[in-house]
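**Student:** Coordinates only, no sequence provided:
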């Protein structure tokens, strides 16, 4: 288990401010945030690259704050993989074991086992300069994992991988983490990437933790407007809420009134996820609350869904599953929408 307690540091334009974060044993935690939010600095503090900082870092209850990187027994895969170009794949994987002066028989056995697990046996005598991005990533992972670290830190491990390969390698990372029962901390700036691997996600904003939770918790209960935006809540409308029995009614700036399933009062922002909005092409949705009539102004077919934009007094983005693509309305069609009250989150303005 890793415990980060009140960690603060300033490095030029990068800074962390009183960061508190716990990473559980055997957990795959993703550290997510925009460029410049301090993700890499935090990982480098855990690895021991930066030791002059405020606060403490505990590993399994042991204070490692003042220890050098090699004393922490933490694996680290930097963004550029940092493979040795003058060594073969096998020699790169064996490097950490040789640095520890383990017996040659043990080194050979552990390296061969790791190469097999990562599908690198056929590439063992190749130079890193001849490898693809995915092969380099697996080699760097093997070099980190073969030393049996308690923790593995991965800084943007999929950033140099093409989109087709990225999903496959994300699946591979999850498989490896489960196979070794390791504690993985994975840095990225893509929420889609985080959803492929994370048990939990910690969102970092300007050097501070904005929210920590499962994917479901972040989607259903964003703690702030920033988190809602970062996790893809495309429909964000300023308004004023009034409490009522069983929830609230929010009046948006456009005059549209929507029932909300949570109690709130005063000005704020209504956040509505696109996949939560129900759409029927010319069909009525009954007398339920939050039924709106509108006209389709745009349709985009994407890999995971169909994006439909509807003018219903407010411009709403709706995500429809590709499975029902034959029923997707075209631009210009009249449609009926329903926004379930429980799908509306009321957040403070920023």
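**Tutor:** Nice, I can see it. Worth saying up front: this structure is predicted, and the values here are computed from it rather than measured.
**Student:** Show me the domain layout of the protein.
**Tutor:** Split into domains by automatic domain parsing, the chain comes to 2-227, 233-347.
**Student:** Out of these, which one sits most buried?
**Tutor:** Stretch with highest mean neighbour count among the domains of the chain: domain 2-227 (a mean of 18; mean count of other CB atoms under 10 Å). C-beta coordinates here come from the backbone N, C-alpha and C atoms, glycine included.
**Student:** who's in contact with residue 181?
**Tutor:** Residues in contact with residue 181, defined by CB atoms under 8 Å, 6 or more residues apart in numbering, are residue 26.
**Student:** so residue 318, which of the three states?
**Tutor:** Here residue 318 takes the strand state, with states given by DSSP: H, G, I helix; E, B strand; the rest coil.
**Student:** right, I mislabeled it, should have said residue 122
**Tutor:** Under three-state DSSP, residue 122 falls in the helix class.
**Student:** quick one: it from residue 130, how far?
**Tutor:** From residue 122 across to residue 130, the span is 13 Å (CB to CB, to the nearest Å).
**Student:** Next: residue 319.
**Tutor:** 42 Å.
**Student:** How about residue 231?
**Tutor:** Going from residue 231 to residue 130 by CB to CB gives 39 Å.
**Student:** before we move on, what about residue 49?
**Tutor:** Taken as CB to CB, the span from residue 49 to residue 130 is 29 Å.
**Student:** what does residue 177 give?
**Tutor:** Residue 177 is 27 Å from residue 130, by CB to CB.
**Student:** next one: residue 144
**Tutor:** In terms of CB to CB, residue 144 sits 21 Å off from residue 130.
**Student:** Repeat that for residue 301.
**Tutor:** Following CB to CB, the distance that separates residue 301 from residue 130 is 38 Å.
**Student:** Helix, strand, or coil at residue 109?
**Tutor:** Applying three-state DSSP to residue 109 yields a three-state assignment of helix.
**Student:** before we move on, what about residue 158?
**Tutor:** Assignment for residue 158 (three-state DSSP): coil.
**Student:** Can you classify the closest residue to it other than its chain neighbours as helix, strand or coil?
**Tutor:** Once flanking residues are discounted, residue 158 sits nearest to residue 166: 5.0 Å by CB to CB, 6 or more residues apart in numbering. Secondary structure assignment for residue 166 (three-state DSSP): helix.
**Student:** Please report the confidence value the model assigns to residue 166.
**Tutor:** Reported pLDDT at residue 166 in the predicted model: 77.
**Student:** helices or strands next to the helix or strand harbouring residue 138 in the packing?
**Tutor:** Per DSSP states H and E: residue 138 is located in helix 133-145. Where contact means 3 or more CB pairs under 8 Å, 6 or more residues apart in numbering; DSSP states H and E, helix 133-145 is packed against strand 74-77, helix 89-99, helix 104-117, strand 151-155, helix 163-180.
**Student:** Distance to residue 187 for those - can I get that in TSV?
**Tutor:** Output for the helices and strands packed on helix 133-145, formatted as TSV (distance: least, CB to CB, whole Å):
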stretch	distance to residue 187
strand 74-77	10
helix 89-99	21
helix 104-117	23
strand 151-155	5
helix 163-180	12
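**Student:** Of the ones you listed, which is nearest residue 16?
**Tutor:** strand 151-155 (15.2 Å; CB to CB).
**Student:** Partner strands of that closest one and their direction?
**Tutor:** Paired neighbours of strand 151-155 in the sheet (DSSP bridges): strand 74-77 (parallel), strand 183-188 (parallel).
**Student:** what's the angle from that strand to helix 133-145?
**Tutor:** 150 degrees (axes from the mean of the first three to the mean of the last three CA atoms, to 10 degrees).
**Student:** Show me how far strand 151-155 is from its chain's centre.
**Tutor:** 14 Å (CA atoms, centre = their mean, to the nearest Å).
**Student:** pLDDT of that strand, averaged?
**Tutor:** Mean predicted lDDT for strand 151-155 stands at 93.
**Student:** what's in contact with that strand?
**Tutor:** 2, 23, 39-40, 43, 46-47, 59, 73-79, 141, 144-145, 173, 177, 182-187.
**Student:** Ok, stretch 79-99 next?
**Tutor:** Here stretch 79-99 has contacts from 40, 106-107, 110-111, 114-115, 120, 123-129, 131, 135-137, 139-140, 142-144, 146-147, 155-157, 159-160, using CB under 8 Å, 6+ apart.
**Student:** Not counting its neighbours along the chain, what's nearest residue 26?
**Tutor:** residue 181 (5.3 Å).
**Student:** Actually, residue 214.
**Tutor:** Spatial nearest neighbour of residue 214, chain neighbours left out: residue 200 (5.5 Å); criterion: CB to CB, 6+ apart.
**Student:** Bridging across strands, which residues link to the one you found?
**Tutor:** Under the criterion used (DSSP bridges), residue 200 bridges to residue 29.
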